[in-house]
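S.K.: Build me a model:
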Amino acid sequence: MSHPKAMNLRFPDPAQRAAIEAAARQEGVSLQEYILSAAYARATAVEERFLDAFRASMARSGDAFAEEAGTADPAAEQRSAEQQARRDLEEQQERGHAA
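M.R.: The predicted model follows:
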C-alpha cells in the first residue's frame, strides 16, 4: 500500500516563502493547509465568475428570444408557464449555490 506523500513546497524566492509562512502562522494553520485553502478559494472564485457570466449570458439570450416571441405569438398561458418554469429553475440554482 502506498503512503500519501507530503506536498513538496519549494519556493525559489525565500522572501515569498517567509511571507506565506507568516500568513499561515497568523491564520493558525500549517503551510500546506494555508496553500490548499488559498488554492481552493481562488478556484471557487473563478467558478463563481464563470457562473455569473453564464447566468448573464442566459439572461441576454432569454431577453433576445423574448423580443422575438412576438412573431410566434404563443398563447399567454404558455408564456406564463414558461416564465414560471424559468423562475423556478433559477431559484433552484441559487439554492444549490447557497448550500
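
S.K.: ok, which stretches of the protein are helices?
M.R.: Here the chain has its helices, by DSSP state H, at 14-27, 31-72, 76-98.

S.K.: if I look at R87, how far off is R95?
M.R.: Shown here: R87 relative to R95, a distance of 13 Å by Cβ to Cβ, to the nearest Å. For every residue, glycine as well, the C-beta is placed using N, CA and C.

S.K.: sorry, back to before: would you list the helices of the chain in a markdown table and tack on mean neighbour count and mean pLDDT?
M.R.: What follows is the helices of the chain, written out as a markdown table (neighbours: other Cβ atoms under 10 Å; pLDDT from 0 to 100):
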| stretch | mean neighbour count | mean pLDDT |
| --- | --- | --- |
| helix 14-27 | 12 | 92 |
| helix 31-72 | 11 | 84 |
| helix 76-98 | 10 | 82 |
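
S.K.: Tell me how far stretch 84-99 lies from the chain's centre.
M.R.: Between the centre of stretch 84-99 and the centre of its chain there are 15 Å (Cα atoms, centre = their mean, to the nearest Å).

S.K.: neighbouring contacts of it?
M.R.: L51, R55, G62 (Cβ atoms under 8 Å, 6 or more residues apart in numbering).

S.K.: and which of the residues you listed is nearest to G28?
M.R.: Relative to G28, the closest of the contacts of stretch 84-99 is L51; by Cβ to Cβ it sits at 31.3 Å.

S.K.: ok, I35 touching I20?
M.R.: Yes - counting by Cβ atoms under 8 Å, I35 does reach I20; the two are 7.0 Å apart.

S.K.: Phi and psi next, for P12.
M.R.: phi -70, psi -30 (degrees, to the nearest 10).

S.K.: Kind regards, and thank you for your time.
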